[in-house]
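In: return a 3D structure for these sequence lines:
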Amino acid sequence: MTGEERATARAWMRPAVALFGVAYGANQFSPLMVMYREQGHYPATVVAAFFAVYVVGLAPGLLLGGPASDRWGRRRVLLPAAAVSIPASAVIALGAFSEVLLYAGRLLFGVCIGVAMAVATTWVKELSGPPHDPSADAGAGARRAALALTGGFGVGPLVGGLLAQFAPLPMELPYVVHVLLMVPAVWWLVRAPETHPSGTRSTRSLLADLKVPATGHPRFVWLVLPAAPWVFGAASLSFAVQPTTLGDAVGSYGLLIATLITGVTLASGFLAQSLARRVDARSRLAGTRIGIVLVVAGTLVAALTAATASIPVAFAGAVLLGAGYGFTLLSGLQEVQRIAAPEHLAGLTAVFYTLTYVGFLLPLVLSALTPVASYPVLLGVVAVMQVVCLGLVVVGARRVARPPAAVVETVR
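Out: Predicted coordinates:
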């Protein structure tokens, strides 16, 4: 393989690095929630709202980003979103004691990560096959995108939390580091090969492009839809809810413990994706079920954390919830890429990610319900809901089970 061929085969790394960088900035807020409660003196429900508000920006970013990139090209849509994450970090850094600026910065990050997830995931997949990377296997695109996303979600909180705990300017420095990361990432993205040239762009209206017929596919309805909200539902239960329930048990190290819980959660998710890939190779119906079982187990352990305020139990919950996150994320992406025809891939990916991010609203809902019931009780109810979704997936797997040749049929 010549040097030019090797560079072409590695072209997928350019959108993957952009996805990593935007995810880094979007999720480094997770452990910093403790800092905003303790040093910013914001109520717990307000901090949970800071965490959740970017879902409001994320949904339109996801749903519009995919069709927009089909119309105008991957680069023209992803490049501005990656670049805008830089001022988004600056707004949050400048607004440490301003609710308005914190809401604005988080909302802006929601739009950026929504577009990045929809477009970069599709772009990485397209660059992970012929003619760009002919040696890659069929699942390489989904794996690479999922690992870039999970890596950013994991490294951002770990670095940001440690800086906030031990470095000066705890409310500003983590965001400065993200800005320094994104400048070269955006510059590198400029030269990524465009995989959706002008000759293939849709001649229909953008409103027509928003319609994604593949959402009616039985595999999407039965295997993806019931599991998707628990992707980030599991992650947020681990690193947004568990630190809140530990209370005084963490002493003056609340931010450090929250950072480590976030790191363990996402490291477990990162490692679980490799196992999920092997499981998927053996059975395309098993990964999602295993993922939800892990999420149920992790939620029950999180309920025990809330009842006992035990730090070791919280870390056990982080491992289980992180593994559940990893399994459900990768399995969902694999299903989406099997189901969708090329012209529908970006749109269906956007719908999938929008459903996954519903889970980020869970900490806000639980915090608002604490006057009614305790966290152990509320988490028990959440576990029951997860079991119902598991039942739907099990029933659905039986309904869609077909000979291997028919499983990969696409919707057109």
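In: ok, G114 touching A68?
Out: No - under the criterion of Cβ atoms under 8 Å, G114 makes no contact with A68, lying 11.2 Å away. Heads up, the C-betas are built off the backbone N, CA and C, glycines and all.
In: send the alpha carbons of the host helix or strand of R289 over as PDB?
Out: Per DSSP states H and E, R289 falls inside helix 286-308. Below are the C-alpha coordinates for helix 286-308, written out as PDB (Å, rounded to 0.1, in the frame of the first residue of the first chain):
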ATOM      1  CA  ALA A 286     -28.500 -10.800  21.300                       C
ATOM      2  CA  GLY A 287     -26.600  -7.500  21.800                       C
ATOM      3  CA  THR A 288     -29.500  -5.300  22.600                       C
ATOM      4  CA  ARG A 289     -31.000  -7.800  25.000                       C
ATOM      5  CA  ILE A 290     -27.700  -8.200  26.900                       C
ATOM      6  CA  GLY A 291     -27.400  -4.400  27.000                       C
ATOM      7  CA  ILE A 292     -30.800  -3.900  28.600                       C
ATOM      8  CA  VAL A 293     -30.200  -6.600  31.100                       C
ATOM      9  CA  LEU A 294     -27.000  -4.800  32.100                       C
ATOM     10  CA  VAL A 295     -28.900  -1.500  32.400                       C
ATOM     11  CA  VAL A 296     -31.500  -3.100  34.600                       C
ATOM     12  CA  ALA A 297     -28.800  -4.600  36.900                       C
ATOM     13  CA  GLY A 298     -27.000  -1.300  37.000                       C
ATOM     14  CA  THR A 299     -30.200   0.700  37.900                       C
ATOM     15  CA  LEU A 300     -30.900  -1.700  40.800                       C
ATOM     16  CA  VAL A 301     -27.300  -1.200  42.000                       C
ATOM     17  CA  ALA A 302     -27.800   2.600  41.700                       C
ATOM     18  CA  ALA A 303     -30.900   2.300  43.800                       C
ATOM     19  CA  LEU A 304     -28.800   0.500  46.400                       C
ATOM     20  CA  THR A 305     -26.200   3.400  46.200                       C
ATOM     21  CA  ALA A 306     -29.000   5.800  46.900                       C
ATOM     22  CA  ALA A 307     -30.200   3.700  49.900                       C
ATOM     23  CA  THR A 308     -26.700   3.200  51.400                       C
END
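In: chain center to that helix: distance?
Out: Remark: helix 286-308 is offset 18 Å from the chain centroid, using Cα atoms, centre = their mean, to the nearest Å.
In: tell me which strands and helices it is in contact with?
Out: helix 229-236, helix 242-246, helix 254-282, helix 311-339, helix 375-400 (3 or more Cβ pairs under 8 Å, 6 or more residues apart in numbering; DSSP states H and E).
In: how many other residues sit next to M385?
Out: By other Cβ atoms under 10 Å, 14 other residues sit near M385.
In: so who does A96 touch?
Out: A96 sits next to Y36, G40, L102, M171, E172 when contact means Cβ atoms under 8 Å, 6 or more residues apart in numbering.
In: do the same with V224
Out: Shown in contact with V224 (Cβ under 8 Å, 6+ apart): T288, G332, E335, V336, I339, F352, L355.
In: any idea how far the nearest residue to the fifth one once chain neighbours are set aside lies from H344?
Out: By the measure of Cβ to Cβ, 6 or more residues apart in numbering, the closest residue to I339 outside its immediate chain neighbours is H217, 4.9 Å from it. Between H217 and H344 the distance is 10 Å, computed by Cβ to Cβ, to the nearest Å.
In: before we move on, what about S98?
Out: Between S98 and H344 the computed distance is 42 Å (Cβ to Cβ).
In: for these two, indicate the residue with more neighbours.
Out: Taking neighbours as other Cβ under 10 Å, S98 and H344 compare with H344 leading, 25 against 14.
In: are we agreed that the more buried one is in a helix?
Out: Yes - with DSSP: H, G, I helix; E, B strand; the rest coil as the criterion, H344 is assigned to a helix.
In: I'd say it and A214 touch.
Out: Yes - under the criterion of Cβ under 8 Å, H344 makes contact with A214 at 4.8 Å.
In: how far off helix 311-339 does the helix holding R289 point, in degrees?
Out: 160 degrees (axes from the mean of the first three to the mean of the last three Cα atoms, to 10 degrees).
In: what mean pLDDT does helix 286-308 get?
Out: Helix 286-308 shows a mean pLDDT of 97.
In: enumerate the positions of that helix that are buried.
Out: By neighbour count with 16 or more other Cβ atoms under 10 Å, helix 286-308 contains the buried residues 287-307.
In: now stretch 45-54
Out: Quick answer for stretch 45-54 (16+ other Cβ under 10 Å): V46, V47, A48, A49, F50, F51, A52, V53, Y54.
In: repeat that for stretch 242-262.
Out: Buried residues in stretch 242-262, counted by 16+ other Cβ under 10 Å: 242-246, 250, 254-262.
In: which residue is the nearest non-sequential neighbour of V124?
Out: Among residues not flanking V124 along the chain, A145 sits closest, at 4.4 Å (Cβ to Cβ, 6+ apart).
In: that neighbour contacts G332, doesn't it?
Out: No - at 11.6 Å, A145 does not count as touching G332 under the criterion of Cβ under 8 Å.
In: that older thread, what angle do the helix holding R289 and helix 375-400 make?
Out: 170 degrees.
In: picking up where we left off before, would you format the buried residues of stretch 45-54 as TSV with pLDDT included?
Out: As requested, the buried residues of stretch 45-54 are arranged in TSV below (pLDDT from 0 to 100):
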residue	pLDDT
V46	92
V47	90
A48	90
A49	92
F50	91
F51	86
A52	87
V53	90
Y54	85
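In: what stretches of the stretch 301-412 of the chain score poorly on pLDDT?
Out: Residue ranges of the stretch 301-412 of the chain with pLDDT under 70: 402-412.
In: CA atoms only for stretch 353-368, dumped as CSV, please.
Out: Presented in CSV, the C-alpha positions along stretch 353-368 are these (Å, rounded to 0.1, in the frame of the first residue of the first chain):
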residue,chain,number,x,y,z
TYR,A,353,-29.5,9.4,18.3
THR,A,354,-32.5,11.6,19.1
LEU,A,355,-34.2,8.7,20.8
THR,A,356,-31.0,7.9,22.8
TYR,A,357,-30.7,11.4,24.1
VAL,A,358,-34.2,11.2,25.6
GLY,A,359,-32.3,9.4,28.4
PHE,A,360,-30.5,12.6,29.4
LEU,A,361,-33.8,14.0,30.6
LEU,A,362,-33.9,11.3,33.3
PRO,A,363,-31.9,13.1,36.0
LEU,A,364,-34.1,16.2,35.7
VAL,A,365,-37.3,14.1,36.0
LEU,A,366,-36.0,12.2,39.0
SER,A,367,-34.8,15.3,40.7
ALA,A,368,-38.2,17.0,40.2
